[in-house]
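Colleague: Predicted model and sequence follow; I will ask about them next.
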Amino acid sequence: MKITSIKKINKTQCRYDLHVDDRSCYFANDILIHNTDGQNLMLSYDIKTHSARAARNKGNVKSGGLDAKGLADKFGGRGPLEHAFNDAFSAFEEAIQKMKPEEQMEIFGPNVNIYYNSEIQDPRTANVINYDVKTLTIHRVGHHEYNRETGDKTDRDVSVNARKLAVALERVQNERQLDQFRVEINAIRNLGALSDKKALESALRKLETTTNSEGISDNETIGDYMINRVSNMVEKRIVLSDEAAAELMKRIFKEPGSNIRKVLSLIPKEDTERLESVRSIVKDSGRILSAAISPIEEIVHDFSVEMLKGLHSAFVIDNDAEVVRLRQEVSRAIRAIESSGSDEAMSILQRHMTKLKDVENISSAAEGFVFDYDNITYKFTGNFAPINQLLGLFKYGRGGVPALQKLEEDGTEGQRRIAIIPGAFKPPHRGHLEMVEHYAKISDEVIIMISPLARKTPSGKEIGFDISKAVWEIYLRDADLYEKVKVIRSPTNSPVLATYEFVENKTNSPDFAQPGDIIIPGCSTKGGDDSRFQSGFEKYAREGVQVANTTDCAFVAQGDAISAKDFRAALDQEDLLELEYFIPKTTEPRDVLTALGIEPPPHSLPLTMEMSAMAGGSVAGATTGPFGAYDKDEKIIEEVLNYLLNKGTRL
């Protein structure tokens, strides 16, 4: 029996009422807005008191918004979140106060009437994506005028006001100091066309097949599709009269005024089996709707993933490295879920892996994009949605599933995640520090192991353990990593052998691996270091010590490789400008020369300037490995050691 009377459902109440036709997929070159992963806040300005106002609910709007003290009280005691909201709010207020009074009136209204949809990206309050720049982003959409008496939105279009805000913010932002919390309108970009039409053609073909299977044509809507699909699903579970079926469908779609009593009243009281089936269907209505829309969701999801490939976040400095970190975090979450023994957790994993398919499909550090089509705003998030769900389950838990990260951390008494980075470091350079920063993000502690072998500059200046350690301490101090990173002497010149001895800890050194520790061998993807480090460390780890997958955690170096040998040659020249290529931007070259016992030359140029044209601009890079440059003989020795150790032979 085909349920046709269900067409009486008011589809304006149905959240699936989106047109499915060829036009809806031809947006490859339309204007889009970069979507972000931060903390939301509605912002306005009171021209009478010359102060910014924030709102999170109707009550805030009716009271004229929260001022700086009100916002601070709301988020007081919440650590980084408190600081992020307060700093962003203060930056917004300072930016607006640079505008002319007539501009403020036009943008915000005479009585805190217009609120703007904004989001805070702050490295201190990272959710899924780790942003590098503190930014208060005013979105392109979601702004409204409010009735101060009721707290409700009015019907007024405030897009003109928003455009004036954008123009004014661009002007005043140039007047603010570069190191301040940025306040800006979300960037608009042209979404690049697909490299070929395969993804588009596949999406259109799948849409056509899916909608046709439910008897839906191109001039109908997703609402029509959902009604037909759900009615077909219900029909397979129960046979009802047209009137009872229509009432049941209204209840499933939660039409205003619908309830289960109306459905049950249309079924004979003695028909207990049907009555029980109706109760079961109503109870499962959420799962029924989810299953009904899932084919469309999967098609749109797969297409949006293709569109997001190569889209970089404007708020992440190193997008490629952030993609690697996201893959590592998701891999860790998947392993924890799989070993949790929870059926509920496994069900959640399976549902979201249907979309994600594989961690290698994580290809962008951008949450997604928002775009307008036919005056309707759409939001495509690609793989961000399943990533967010899996990491949320891992970090915070859900329903009857506790936080799996906490279980993992508490699983072994005294468990720590320790990254070890062995190498020569004669001396360490900015590529080395970038790798340490990478491992500091994914571990509780980083241990740098400096080999005892000294190296000399071309002029004969010797750089040994003490000098290397002194330079490291300067870098760590300036990068604010001093408390999380420890520098120790390596027991051997070989980085691989040093890692074996660290995890084995035959001498029970308090500086080396302890029972309960998870050890992350540090290596770079450049020069094949990650392949050299696939050496079966776990076979030699002392009891109770786990060794993380080296490849999953490897540091992805960017730009040209930096050579410690070239650094030593540059030290002999004592040229501050040349040294800036090798030294982190957070550190003054003079400090490094002093640590090396070299008298710095007189000032000739600002020490914080960017790399000169002779180096081709600012170059981000790492060594061919984490251990500095190797001589040919040392590489041969390293390969022999790896071969013997993999065969189970100890030296």
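Modeller: Noted; the coordinates are in hand.
Colleague: Scan the protein for its longest helix.
Modeller: Scanning the chain for the longest helix, with DSSP state H as the assignment, gives helix 285-308.
Colleague: tell me what that one is packed against?
Modeller: helix 198-212, helix 222-237, helix 242-252, helix 343-356, strand 368-373, strand 376-380 (3 or more CB pairs under 8 Å, 6 or more residues apart in numbering; DSSP states H and E). No exception for glycine: its C-beta is placed from N, CA and C like everyone else's.
Colleague: Pick out the shakiest of those, pLDDT-wise.
Modeller: Note on those: lowest mean pLDDT is at strand 368-373, with a mean of 68.
Colleague: ok, back up a step: so which of the helices and strands packed on helix 285-308 gets nearest residue 572?
Modeller: strand 368-373 (50.7 Å; CB to CB).
Colleague: follow-up on the earlier one: what comes up buried for whatever helix or strand comes next after the longest helix of the chain?
Modeller: Past helix 285-308, further along toward the C-terminus, the next helix or strand under DSSP states H and E is helix 319-338. Across helix 319-338, burial judged by 16 or more other CB atoms under 10 Å covers 319, 321-330, 332-334, 336-337.
Colleague: go on, stretch 154-172?
Modeller: With burial defined by 16+ other CB under 10 Å, the residues of stretch 154-172 counted as buried are 158, 161-162, 165-166, 168-169, 172.
Colleague: Pick out the lowest-pLDDT one from these.
Modeller: Comparing pLDDT over the buried residues of stretch 154-172, the lowest score belongs to residue 172 (83).
Colleague: How about residue 228: what's its closest non-neighbour residue?
Modeller: Leaving out its chain neighbours, the residue that sits closest to residue 228 by CB to CB, 6 or more residues apart in numbering is residue 214, at 4.3 Å.
Colleague: pLDDT score assigned to the one you found?
Modeller: Residue 214 carries a pLDDT score of 89 in this model.
Colleague: That one contacts residue 232, correct?
Modeller: Yes - under the criterion of CB atoms under 8 Å, residue 214 makes contact with residue 232 at 6.9 Å.
Colleague: Show me which of those two is the more surrounded one.
Modeller: The neighbour comparison of residue 214 against residue 232 (other CB atoms under 10 Å) goes to residue 214, with 18 against 15.
Colleague: Can I take it that that one is in a helix?
Modeller: No - under DSSP: H, G, I helix; E, B strand; the rest coil, residue 214 sits outside any helix and is assigned coil.
Colleague: Look up how far residue 225 lies from it.
Modeller: Here the distance between residue 214 and residue 225 works out to 6 Å (CB to CB, to the nearest Å).
Colleague: if we can go back for a sec, and which of the buried residues of helix 319-338 is nearest residue 374?
Modeller: Checking the buried residues of helix 319-338 one by one against residue 374 (CB to CB), the nearest turns out to be residue 319, at 31.4 Å.
Colleague: hmm, who's touching stretch 85-97?
Modeller: The contact list for stretch 85-97 (CB atoms under 8 Å, 6 or more residues apart in numbering) reads 39, 41, 43, 45, 50-52, 54, 68, 71-72, 74-75, 104, 118, 120, 122, 134, 136, 169, 172-173, 176, 180-183.
Colleague: Distance from the chain centre to it, please.
Modeller: With CA atoms, centre = their mean, to the nearest Å as the basis, stretch 85-97 stands 25 Å off its chain's centre.
Colleague: which parts of it are buried?
Modeller: Those would be 85, 87-93, 95-96, for stretch 85-97 by 16+ other CB under 10 Å.
Colleague: just these now: which is nearest residue 454?
Modeller: residue 87 (45.9 Å).
Colleague: mind listing what residue 170 touches?
Modeller: 184-185.
Colleague: Surely residue 226 touches residue 294?
Modeller: No - in this structure residue 226 lies outside contact range of residue 294 using CB under 8 Å: 11.2 Å.
Colleague: So which of those two has more stuff around it?
Modeller: residue 226 (24 against 14).
Colleague: Please, where are all the strands along the stretch 451-600 of the chain?
Modeller: 455-456, 462-463, 485-489, 518-521, 546-547 (DSSP state E, counting those that start in this stretch).
Colleague: Now mean pLDDT too, for those strands, in JSON lines please.
Modeller: Rendered in JSON lines, the data for the strands of the stretch 451-600 of the chain read as follows (pLDDT from 0 to 100):
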{"stretch": "strand 455-456", "mean pLDDT": "92"}
{"stretch": "strand 462-463", "mean pLDDT": "92"}
{"stretch": "strand 485-489", "mean pLDDT": "93"}
{"stretch": "strand 518-521", "mean pLDDT": "89"}
{"stretch": "strand 546-547", "mean pLDDT": "85"}
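Colleague: Looking at these, which is nearest to residue 563?
Modeller: strand 455-456 (11.9 Å).
Colleague: The closest one: partners in the sheet, and parallel or antiparallel?
Modeller: Strand 455-456 pairs in its sheet with strand 462-463 (antiparallel), by DSSP bridges.
Colleague: hmm, who's touching the partner strand?
Modeller: Under CB under 8 Å, 6+ apart, the answer for strand 462-463 is 426-427, 454-457, 568, 596.
Colleague: Of those, select the buried ones using a ChimeraX command.
Modeller: Those of the contacts of strand 462-463 that count as buried under 16+ other CB under 10 Å are selected in ChimeraX with:
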select :426,427,455,457,568,596
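Colleague: mind listing which of the contacts of strand 462-463 are in helices?
Modeller: residue 568.
Colleague: Closest one of the contacts of strand 462-463 to residue 151?
Modeller: residue 427 (61.6 Å).
Colleague: Is the residue nearest to residue 46 when sequence neighbours are not counted part of a helix or strand, or is it coil?
Modeller: In this structure, residue 46 finds its nearest non-sequential neighbour in residue 112, 5.0 Å apart by CB to CB, 6+ apart. Recorded secondary structure, residue 112: coil (three-state DSSP).
Colleague: What is the burial count for residue 112?
Modeller: Residue 112, neighbours per other CB under 10 Å, totals 23.
Colleague: Use 123 as the first number for this chain going forward.
Modeller: Okay, residue one is now 123; in that scheme the one you just asked about reads as residue 234.
Colleague: Could you check how far it is from residue 166?
Modeller: Taking CB to CB, one finds residue 234 at 5 Å from residue 166.
Colleague: shared neighbours of these two, which are they?
Modeller: Common neighbours of residue 234 and residue 166, using CB under 8 Å, 6+ apart, are 175, 187.
Colleague: Relative to its centre, which residue of the protein is most distant?
Modeller: Here the chain reaches farthest from its C-alpha mean at residue 392, the gap being 56.3 Å by CA atoms, centre = their mean.
Colleague: for that one, what are its contacts?
Modeller: Here residue 392 is in contact with no residue (CB under 8 Å, 6+ apart).
Colleague: quick one: it is in a helix?
Modeller: No - with three-state DSSP as the criterion, residue 392 is coil rather than part of a helix.
Colleague: Got phi/psi on it?
Modeller: phi -80, psi -10 (degrees, to the nearest 10).
Colleague: cool, and residue 515?
Modeller: Torsion angles, degrees, to the nearest 10, at residue 515: phi -60, psi -40.
Colleague: these two touch, right, it and residue 473?
Modeller: No - using CB under 8 Å, residue 515 is not in contact with residue 473; the gap is 10.8 Å.
Colleague: Who has more neighbours out of these two?
Modeller: residue 515 (26 against 14).
Colleague: so how far is residue 516 from the closest residue to that one other than its chain neighbours?
Modeller: The shortest distance from residue 515 to any non-neighbouring residue, by CB to CB, 6+ apart, is to residue 470 (5.7 Å). To residue 516, residue 470 is 10 Å away according to CB to CB.
Colleague: and the closest residue to residue 213 other than its chain neighbours, what is it in contact with?
Modeller: Closest residue to residue 213 apart from its sequence neighbours, by CB to CB, 6+ apart: residue 303 at 3.7 Å. By CB under 8 Å, 6+ apart, residue 303 lies in contact with 209-210, 212-213, 256-258.
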